[in-house]
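Student: Got a predicted model here, sequence first, then my questions.
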Amino acid sequence: MRTGLYILVMIALLSSCHSSRRAGTVVMPEHKEASLKNYINQYSALAMKEMRRTGVPASITLAQGIIESDYGRSRLAREANNHFGIKCHNGWKGRTIYHDDDKRNECFRSYNMVSESYYDHSDFLRQGSRYRFLFELRPDDYKGWARGLKSAGYATNPRYARMLIDMISENNLHIYDQVALSNNDIDDIYRGSGNEIVNDNSEIAEVSSGSRLKDDPFIIEKENRIKVRNRIKCVRVRENDTFESLIEEFDLLRWELYRYNELDENDELYEGQILYLQPKRKKAAAGNDFHILKERETMYDVSQLYGIKLKALYRNNRMEPGYEPPAGTELWLRKLKPEGL
């Protein structure tokens, strides 16, 4: 397997280990983190194979399956192996199940196995006239697919596109699109039970500084430009970078770069600055429990260093937003600081 693919595989493994999806200000409970990891491990290979067969992005398939089936725990998923909420519609001759949705006692498709649900989902999109325009998009344009599914009426939730995009970006599901688009055998990537991605080359996980996650949690992704910190894609600003050039280079919406980095349009970039291409998280990566504040280091500096939302950093340390503690202060990065410390 090529080194480049090993890198993609390692990132996918890291993204599947833990998750902290954005849902207002609520941190994903541990049981949902486990459910998310298990779902990705179990069905990512199937989603990638379906992408090769039909062109439906694996990231979109996984995100829809997770959301529509509640991590495989919904009644439709448990009793009918229906992971995508596809209703009977005219011409369906297979098994059925009745379930309350937009209306009471609606007819949904039922399958013998989950794999049949995945096959039918791909064919449903591929053969449906209202989704035909989606296949004119780039196969790795998951944002375009998410917005297209919403505009075509796949779901009635007005936030459906945002839900899909957040699910994919916050859990790096787009990596599976890149693996599916490679020439490698998908089955060779998976070993052992549970279909968990395995990396046999320990050197690929080395961080750019030569140290490990605790000291500087950067992981090389490609061409040493995009990196992963706290399971979030990010870049370091170069001399000639501007907000506009970065937005164009990384195919972001204008507001995304500002919001993800808690900046406004009056802020200026500086060389070496860390900018995140995905939302920051509520806590630092495992192994980064504390940080001792250095001279002239601000709370915002720490939030960017570890990929933590500034509001969460203040909350964890029981500080009022805007307060700048003195050098030498011990900051809690993963848990709420006990009262009295």
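Tutor: Here it is on my side, so go on. Not measured: the values here are computed from a predicted model.
Student: Against which helices or strands is the longest helix anywhere in the chain packed?
Tutor: Determined from DSSP state H, the single longest helix within the chain is helix 30-54. With contacts taken as 3 or more CB pairs under 8 Å, 6 or more residues apart in numbering; DSSP states H and E, helix 30-54 sits against helix 3-17, helix 58-69, helix 114-127, helix 174-181, helix 186-189. (Glycine included, C-beta is placed from N, CA and C.)
Student: what's the next secondary structure element after the helix or strand bottoming out on mean pLDDT in the chain?
Tutor: Least confident helix or strand, the chain: strand 219-222 with a mean of 38, by mean pLDDT, DSSP states H and E. Per DSSP states H and E, the first helix or strand lying C-terminal to strand 219-222 is strand 226-229.
Student: Could you give the separation of that following strand from the chain centroid?
Tutor: 13 Å (CA atoms, centre = their mean, to the nearest Å).
Student: how close does the spatially most central residue of the chain sit to residue 40?
Tutor: The structure's the chain has its C-alpha centroid closest to residue 171; by CA atoms, centre = their mean the separation is 2.2 Å. Using CB to CB, to the nearest Å, residue 171 is found at 7 Å from residue 40.
Student: next one: phi and psi at the nearest residue to residue 327 once chain neighbours are set aside?
Tutor: Leaving out its chain neighbours, the residue that sits closest to residue 327 by CB to CB, 6 or more residues apart in numbering is residue 295, at 4.7 Å. Per-residue torsions, residue 295: phi -60, psi 140 (degrees, to the nearest 10).
Student: What separation do you get for residue 295 and residue 276?
Tutor: Residue 295 is 25 Å from residue 276, by CB to CB.
Student: one step back: so for the longest helix of the chain, what gets flagged as buried?
Tutor: 32-33, 35-41, 43-51, 54 (16 or more other CB atoms under 10 Å).
Student: ok, the residue nearest to the centre of the chain touching residue 33?
Tutor: No. Residue 171 is beyond contact range of residue 33, at 10.3 Å (criterion: CB atoms under 8 Å).
Student: would you say residue 108 is within a strand?
Tutor: Yes. With DSSP: H, G, I helix; E, B strand; the rest coil as the criterion, residue 108 is located in a strand.
Student: Tell me the bridge partners for it.
Tutor: With DSSP bridges as the criterion, residue 108 is bridged to residue 87, residue 97.
Student: check contacts around it.
Tutor: Applying CB atoms under 8 Å, 6 or more residues apart in numbering to residue 108 gives the contacts 76, 80, 82, 85, 86, 87, 88, 96, 97, 98, 99, 101.
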